[in-house]
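Novice: Below is the sequence, then the predicted model.
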Amino acid sequence: MLKKIKILAIAACGLVASSMASAGQGKAIISHWGSVAPHNASYVYVSNISENTVNVKITYYDKDGNALSPSTFSNFVASNTQLLPKSSGFVSINTGTWNYGYAVVEWSNLDGDDDTVALVANAHRVMDVTTGLRSDLVIQVNNGQPF
């Protein structure tokens, strides 16, 4: 009986530790982006729905798996690494030659804050051909749910 109690206690500690590890941070995948200058760009719009400033990192990965940084940041603070509470911003990438892939959006709390979710996001791919026609593609990140 004592052995069973020890096993249950160890399992309970493991569950608590794993839930604590996921609090205060989150990550989501954007399934597609595509870009070629000057007519096609990809954007990621991110809103911080929490009451706390959060660190935000967005990394694009190209068709060969190379990590790329966004070309443009809008409404981010602290050298483009943070979003203030209840604020929104966007990043974009506009590559010189045709490129495509996926992207990762990551966030983490500062100091002692411990949000379970902090961001909602969506991605836009804008195509504007030389004839003046425009086509937009919108991808919900995490099925539109907070992460």
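Specialist: Arrived safely.
Novice: Strands of this structure, residue ranges please.
Specialist: 25-35, 40-48, 54-62, 67-68, 72-74, 82-83, 88-93, 99-109, 119-128, 134-140 (DSSP state E).
Novice: Going by mean pLDDT, which of those comes out lowest?
Specialist: Lowest mean pLDDT of the strands of the chain: strand 134-140, a mean of 84.
Novice: Could you name the helices and strands sitting against that strand?
Specialist: strand 25-35, strand 119-128 (3 or more C-beta pairs under 8 Å, 6 or more residues apart in numbering; DSSP states H and E). (C-beta placed from N, C-alpha, C; glycine too.)
Novice: now these as JSON lines including distance to residue 46?
Specialist: Formatted as JSON lines, the helices and strands packed on strand 134-140 follow (distance: least, C-beta to C-beta, whole Å):
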{"stretch": "strand 25-35", "distance to residue 46": "10"}
{"stretch": "strand 119-128", "distance to residue 46": "5"}
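Novice: export those strands to JSON lines and tack on mean neighbour count and distance to residue 41?
Specialist: Below are the helices and strands packed on strand 134-140 laid out as JSON lines (neighbours: other C-beta atoms under 10 Å; distance: least, C-beta to C-beta, whole Å):
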{"stretch": "strand 25-35", "mean neighbour count": "18", "distance to residue 41": "6"}
{"stretch": "strand 119-128", "mean neighbour count": "19", "distance to residue 41": "5"}
